[in-house]
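Engineer: Got a sequence here, can you model it:
(2 chains)
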Amino acid sequence: GAVVSQHPSRVICKSGTSVKIECRSLDFQATTMFWYRQFPKQSLMLMATSNEGSKATYEQGVEKDKFLINHASLTLSTLTVTSAHPEDSSFYICRIDTMNTEAFFGQGTRLTVV
Amino acid sequence: DAKTTQPPSMDCAEGRAANLPCNHSTISGNEYVYWYRQIHSQGPQYIIHGLKNNETNEMASLIITEDRKSSTLILPHATLRDTAVYYCIVRVGGGNQGGKLIFGQGTELSVKP
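Structural biologist: Just a heads-up that it's a prediction; the model follows:
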């Protein structure tokens, strides 16, 4: 069964508004979660590492004030795209690592900013 | 930057084995090789991983060369549902837990009837 639940799967928002994406660990406690972004015809790009109880670590070129990450519990991390613009339209995916050796990805969220 | 090199695309006949190569010539001694695949508009799906020994599970086999500079993912009997983009990833940060998974461009595998 699924170990990661990502919600929503699709969202359309108006330019200038904010959108929150949730990533839940279903079977275990995750102290670290990861957020990726994927543009059409391109590979996944790591955006940030979400750490439970502390600030997220952002990859170079990713604006931390635009992509707000909150990891308030061991089973939930949220990514908020603030003041969204059409260029933020993308496929956003979270990842959770299990205690053994596997990393699992969420189903992804297709964000369209109009 | 990604540390792996894969062919951009491959075709395979349904029912035949699909052999997907990957070069990772700069791999470190404690870095693992992971394979994922992504079907259109879905999150990546874990396939298999290994350090230096060959590995097999219900989905695929992973063959790693002795010098660990390259590997091959084998889907023994490809089906149409195996059509996807396959990513070979070296786990940066060492070890088998945590660390960044940096995706390259992957191989787009098309399984044809």
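Engineer: In chain B, which strand is the longest?
Structural biologist: Ranked by residue count, the top strand of chain B under DSSP state E comes out as strand B:84-92.
Engineer: which helices and strands does it pack with?
Structural biologist: strand B:18-23, strand B:33-38, strand B:70-75, strand B:100-101, strand B:107-112 (3 or more C-beta pairs under 8 Å, 6 or more residues apart in numbering or on different chains; DSSP states H and E). For glycine as for every other residue, the C-beta is placed from the backbone atoms N, C-alpha and C.
Engineer: By mean pLDDT, show me the worst of those strands.
Structural biologist: Ranked on mean pLDDT, the bottom entry among those is strand B:100-101, at a mean of 78.
Engineer: And the nearest residue to A:D27 once chain neighbours are set aside, how close does it get to chain B?
Structural biologist: Distance criterion C-beta to C-beta, 6 or more residues apart in numbering or on different chains; nearest residue to A:D27, sequence neighbours excluded, is A:V3 at 4.9 Å. As judged by C-beta to the nearest C-beta, to the nearest Å, A:V3 and chain B stand 10 Å apart.
Engineer: bridging residues for whichever residue of chain A sits closest to chain B?
Structural biologist: As assessed by C-beta to the nearest C-beta, chain B sits closest to A:F105 within chain A, at 3.7 Å. As for beta bridges, A:F105 partners with A:R95 under DSSP bridges.
Engineer: Can you tell me how far it is from B:I64?
Structural biologist: 23 Å (C-beta to C-beta, to the nearest Å).
Engineer: list the buried ones in the strand or helix carrying B:D11?
Structural biologist: Assigned by DSSP states H and E, B:D11 belongs to strand B:9-13. For strand B:9-13, burial by neighbour count (16 or more other C-beta atoms under 10 Å in any protein chain shown) applies to B:10, B:12.
Engineer: Tell me which strands that strand pairs with, and in which orientation.
Structural biologist: With DSSP bridges as the test, strand B:9-13 pairs up with strand B:107-112 (parallel).
Engineer: report the angle between the axes of the partner strand and strand B:18-23?
Structural biologist: In terms of direction (axes from the mean of the first three to the mean of the last three C-alpha atoms, to 10 degrees), strand B:107-112 departs from strand B:18-23 by 170 degrees.
Engineer: could you pull out the strands for chain A?
Structural biologist: For chain A, the strands defined by DSSP E cover A:4-7, A:10-13, A:19-25, A:32-38, A:45-51, A:57-58, A:67-73, A:76-81, A:90-97, A:103-105, A:109-113.
Engineer: Which one of those lies nearest to B:W35?
Structural biologist: Proximity to B:W35 (C-beta to C-beta) singles out strand A:103-105 among those, at 11.6 Å.
Engineer: for that closest one, packing partners?
Structural biologist: strand A:90-97, strand B:45-50.
Engineer: so of these, which one's packed in deepest?
Structural biologist: Of the helices and strands packed on strand A:103-105, the one with the most neighbours on average (mean count of other C-beta atoms under 10 Å in any protein chain shown) is strand A:90-97, at a mean of 24.
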